[in-house]
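S.K.: Give the three-dimensional model of this entry:
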Amino acid sequence: RNEYYSLRTKFKKESAALIKCANNDENNSVLIDAVFLELQRRLFDVTTCLLLICPDHASAWSDRKRIMLQRQQKQQLQMKMQSSNDDDCRKEQMGLVATEIWLEEIRFLNLLFTQHSKAPNSWSHRKWVSKQIFT
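M.R.: Just a heads-up that it's a prediction; the model follows:
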């Protein structure tokens, strides 16, 4: 838990600083993006471990949702930037990429439910993920 809280605080501070830096200096955007993605990955990994131990940690679920939405937006942006003449094909690819993010989360929840089948926050998160898949 201590690692989670320290990483969460660091993530919030550095993400705000990185956004400010990116707005001021476009040349460092690749480096800034790499640092942000690494922090994001670490926070996601820590929430995974924390939730397997304590599945009713609301802040960890919120951070996880935020990261998943950011990942989905980033992947959709990358798909839009790729040159493709066929809009229907590109829309289908974007949908498949987005769905994979959510299916990965369903797999994690299935694992979590093998140990903690009655955790209400976990079921609430599963409902949210299902809505993301079908909307």
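
S.K.: residues making contact with stretch 121-135?
M.R.: With CB atoms under 8 Å, 6 or more residues apart in numbering as the test, stretch 121-135 has contacts from 51, 55-58, 61, 64-65, 68, 72, 99, 102-103, 105-106, 109, 112-113, 116. For the C-beta atoms, the positions are set from N, CA and C on the backbone; glycine is no exception.

S.K.: Just the buried positions in that stretch, please.
M.R.: For stretch 121-135, burial by neighbour count (16 or more other CB atoms under 10 Å) applies to 121, 122, 125, 126, 129, 132.

S.K.: which intervals of the protein have sub-threshold pLDDT?
M.R.: The chain contains residues with pLDDT under 70 at 1, 17-32, 82-98.

S.K.: quick one: the strands in it?
M.R.: With strands called from DSSP state E, the chain shows none.

S.K.: Now list the buried members of the contacts of stretch 121-135.
M.R.: Counted by 16+ other CB under 10 Å, those give 51, 55, 57, 61, 64-65, 68, 72, 102, 105, 109, 112, 116 as buried.

S.K.: Rebuild the residues you listed as CSV, extending it with distance to residue 16.
M.R.: Below are these laid out as CSV (distance: CB to CB, whole Å):
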residue, distance to residue 16
51, 25
55, 29
57, 23
61, 22
64, 20
65, 19
68, 20
72, 21
102, 27
105, 26
109, 30
112, 31
116, 33
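
S.K.: Report the two of these separated the most.
M.R.: Spatially, the most separated pair among those is 72 and 116, at 25.7 Å (CB to CB).

S.K.: OK, contacts around residue 44?
M.R.: Neighbours of residue 44 in contact, by CB under 8 Å, 6+ apart: 64, 67.

S.K.: quick one: it and residue 81, what's the gap?
M.R.: 23 Å (CB to CB, to the nearest Å).

S.K.: just residue 114 next, same as before
M.R.: Counting by CB to CB, the gap from residue 114 to residue 81 is 39 Å.
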